[in-house]
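Chemist: Sharing a model that was predicted from the sequence below.
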Amino acid sequence: MAEFGAHGKHKVTVRHVLSHSAGVPGIPLSTTVEDLCDWDKMCAAIADAELWWEPGTQLGYHAYTFGYIVGEVIRRATGKPISQVLLEELAAPLGVADELYFGMPRSQHHRLARLEDAEPAANAAETMSALPPDLPMFRAAPMSLMPTATLGNREDILAADIPAGGKTSARAIARMYAAMLDEVGGVRVVSPERLRVATAMAMSGTDAVFGMPSRWALGYSIGRLGSSPEEPSTAFGVGGAGGSFAYGDTASGIACAVTKNRLTPDFNAATQVIEMVHAALGDG
């Protein structure tokens, strides 16, 4: 990926990318929905991007760029697109080949729950317009590509390999996390040693894009919903736009996922479900 090294990005390592400290959190503000569905075009745009900060010195959620960078590393290492690797290495062995996708075949779209916005678009636009216009998040992607039901329900978006927008069931995601913690149906995704490396603290601080306290392992945030950012945690996972959340806990062995089709700007519903799960299992 020599072309990615333009504008000083030759200093970026895979570890920087996985910990969201690479300094490449934004896509061009001219990016269209059609561009987002064009893998090669997006990778070329990210390769030509300039650094927002020196790699490894800050962290900031790489909302769109993370998936394309990781996916292109995978494609060049294996010769296969990320959707094929997901199917062959994870989904099929875990028995969820028809429940876990990046690009979802159009013939399967009828199986999806339609996304709904929790509040009218006018209210959301009003909320966004009340925010300071110089916030870094407004430079990370055009407003037209901010997650909404209209965007997420588009056939081209559903069919495209966009790693920032998986199509899945809660069962499939929970099964994937469970297979990281231990064997599931004879399949374990990573060794205990590799799991310890992947879930150890890699970067922490104030998110330079969205402004909240943040802790990252390698590809996963640290901490479960409802816990304090300062509290030591053995939970690792990732939240999704609209309020979905999934994680595993190396201490308790719990794997849990909550997926929603009604999009909200918070994780209240997922937090309540997760607290119920832990209470039921006696793991407060």
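Modeler: Good, I have the coordinates. As the structure is a prediction and not an experimental result, all values here were calculated from the model.

Chemist: any idea where the strands of this structure begin and end?
Modeler: Assigned strands in the chain, in chain order: 100-101, 116-117, 167-168, 203-206, 213-216, 221-222, 235-239, 245-249, 255-258, 262-263 (criterion: DSSP state E).

Chemist: Can I get those in a markdown table including mean pLDDT?
Modeler: Formatted as a markdown table, the strands of the chain follow (pLDDT from 0 to 100):
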| stretch | mean pLDDT |
| --- | --- |
| strand 100-101 | 97 |
| strand 116-117 | 95 |
| strand 167-168 | 96 |
| strand 203-206 | 96 |
| strand 213-216 | 94 |
| strand 221-222 | 96 |
| strand 235-239 | 95 |
| strand 245-249 | 96 |
| strand 255-258 | 96 |
| strand 262-263 | 94 |
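
Chemist: Turn the ones you listed into JSON lines, columns for distance to Tyr64 and mean neighbour count.
Modeler: All C-beta spots, glycine's among them, are computed from the backbone N, C-alpha and C. Below are the strands of the chain laid out as JSON lines (distance: least, Cβ to Cβ, whole Å; neighbours: other Cβ atoms under 10 Å):
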{"stretch": "strand 100-101", "distance to Tyr64": "18", "mean neighbour count": "22"}
{"stretch": "strand 116-117", "distance to Tyr64": "20", "mean neighbour count": "15"}
{"stretch": "strand 167-168", "distance to Tyr64": "16", "mean neighbour count": "22"}
{"stretch": "strand 203-206", "distance to Tyr64": "19", "mean neighbour count": "15"}
{"stretch": "strand 213-216", "distance to Tyr64": "17", "mean neighbour count": "18"}
{"stretch": "strand 221-222", "distance to Tyr64": "17", "mean neighbour count": "22"}
{"stretch": "strand 235-239", "distance to Tyr64": "14", "mean neighbour count": "20"}
{"stretch": "strand 245-249", "distance to Tyr64": "19", "mean neighbour count": "24"}
{"stretch": "strand 255-258", "distance to Tyr64": "22", "mean neighbour count": "24"}
{"stretch": "strand 262-263", "distance to Tyr64": "17", "mean neighbour count": "17"}
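
Chemist: I'd like a version of these in TSV, one that adds distance to Pro132 as further columns.
Modeler: As requested, the strands of the chain are exported to TSV (distance: least, Cβ to Cβ, whole Å):
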stretch	distance to Pro132
strand 100-101	37
strand 116-117	23
strand 167-168	34
strand 203-206	16
strand 213-216	19
strand 221-222	25
strand 235-239	23
strand 245-249	27
strand 255-258	31
strand 262-263	23
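
Chemist: Tell me which of those strands lies nearest to Ala2.
Modeler: Nearest to Ala2 among those is strand 203-206 (25.7 Å), distances taken as Cβ to Cβ.
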